[in-house]
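>>> I'll drop the sequence and a predicted model, then ask my questions.
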Amino acid sequence: MIQKLERQTLHEVLVPGKGVNILIMGGTGFLGPELVDALIKQFSDCSITLFNRGNQNHRMGHLIRHIKGNRKNHQDILQLKAFDFDYVLDLSGMFAETIPLMLEVLGKNIKKYIFISSIAVYPSRPEYMDETTPTGFAPIWGTYGKQKYQCEDKLIQHWSGRGDLIILRPAYIVGFKDQLYRENRILARMKTGKTIYISNKGQERIQFVHKDDLVSICCKMLTCENSGAICIYNVAADEMYTIKNWMKHLSTKCHQKPALEYIPFSENNRHLFPYLPADVAVCSKKIETVLNIKLSNDFTS
């Protein structure tokens, strides 16, 4: 029987380990702090290294090493050569040109490399998409989708001779402390009667994954048997909304009828839209089967 990921037992996902060295690229934004906490709770003897620019504060426990650097700077990346890492969790990969040097510096003893990509690597199309669907640059996603696609491609090209490469393609990530403040900003505008802009008629489909579920998946992947494989997984709850219906759903939380305005999408007004008009629907059965889980459709917390 498939088990639902229980958020209250997040710290029980990992089995205790000994002498585990973990590198987190990024780690101070939306996913990072919770992921760090989950790893510390589970590994009885671990060393966690955060590599990031140090632009955001996060409490640093005695088990955490912080290396300040920019992954676009070669000299900063070379700092990692002094360490041997078992696992790498890449939460901030956006620049494909940095990947060959980074992999060279990290060496070939990495057991698992988890890269957080996005469903923005898929084109907008009416049918459900699984991991075999061709990817590429879809203009609707802008620079973000293009960079994620290029990073995936470069990782796969340069991965030979290493452990497991795991690429996760999450949908819109929701949860407490969302650094984009997407849902909270929408709710704030609804409460004050401000206009919320929706492209066209708001009929494009959108999917979500809760941050806690994505953290749990990252943790659970670390305990899977190493196979030297390249594995790609969509990560999205099966419940789907149109953009218009999602706005109505959010309005029930503030008991305020939303002031929606429908306008055509263009590159010049991209910044106005909380959700892009990309009609993308993905299937996540692969990861649910492999990990024996059921992604939650509860996005209320």
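Ah, there it is.

>>> Pretty sure I173 sits in a helix.
No - checked against DSSP: H, G, I helix; E, B strand; the rest coil, I173 lies outside a helix; its state is strand.

>>> my guess is it meets K211, correct?
Yes - counting by CB atoms under 8 Å, K211 is a contact partner of I173 at 5.5 Å. Bear in mind the C-beta positions are built from the backbone N, C-alpha and C, glycine included.

>>> what's the overlap in contacts for these two?
30-31 (CB atoms under 8 Å, 6 or more residues apart in numbering).

>>> any chance you could map the strands in the stretch 51-200 of the chain?
Assigned by DSSP state E, counting those that start in this stretch, the stretch 51-200 of the chain shows strands spanning 64-68, 87-90, 112-116, 164-170, 172-174, 195-199.

>>> out of the ones you listed, nearest to I22?
Checking the strands of the stretch 51-200 of the chain against I22 by CB to CB gives strand 87-90 as the closest, at 4.8 Å.

>>> And that closest one, what does it pack against?
Helices and strands touching strand 87-90, by 3 or more CB pairs under 8 Å, 6 or more residues apart in numbering; DSSP states H and E, are strand 18-25, strand 112-116.

>>> Low-confidence stretches in the chain?
1-18, 55-63, 176-181, 226, 300-301 (pLDDT under 70).

>>> where along this protein do the helices fall?
Secondary structure of the chain (DSSP state H): helices located at 32-42, 74-77, 99-106, 142-157, 182-191, 211-222, 243-254, 285-291.

>>> Rebuild those helices as CSV, extending it with distance to G202 and mean neighbour count.
Shown next, in CSV, are these (distance: least, CB to CB, whole Å; neighbours: other CB atoms under 10 Å):
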stretch, distance to G202, mean neighbour count
helix 32-42, 31, 20
helix 74-77, 43, 14
helix 99-106, 37, 18
helix 142-157, 19, 18
helix 182-191, 13, 16
helix 211-222, 25, 23
helix 243-254, 3, 16
helix 285-291, 27, 17
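
>>> about what we covered before: go through the helices and strands packed on strand 87-90 and pick out the most buried.
Most buried of these, by mean neighbour count (mean count of other CB atoms under 10 Å): strand 112-116, with a mean of 22.

>>> and that one with strand 18-25, angle?
Orientation of strand 112-116 against strand 18-25 (axes from the mean of the first three to the mean of the last three CA atoms, to 10 degrees) gives an angle of 30 degrees.

>>> name the helices or strands packed onto strand 112-116?
Using 3+ CB pairs under 8 Å, 6+ apart: strand 112-116 touches strand 87-90, helix 142-157, strand 164-170, helix 211-222.

>>> Give the pairing partners of that strand; include direction for each.
In the sheet, strand 112-116 lines up against strand 87-90 (parallel), strand 164-170 (parallel) (DSSP bridges).

>>> mind checking which of those is nearest Q147?
strand 87-90 (12.9 Å).

>>> Now do the closest one: everything it contacts.
20-26, 35, 106, 110-116, 218, 222.

>>> One more: stretch 260-276?
Contacts of stretch 260-276 (CB under 8 Å, 6+ apart): 140-142, 172, 182, 185-186, 195-202, 204, 206, 243-244, 246-247, 277.

>>> What is the end-to-end distance of that stretch?
15 Å (CA to CA, to the nearest Å).
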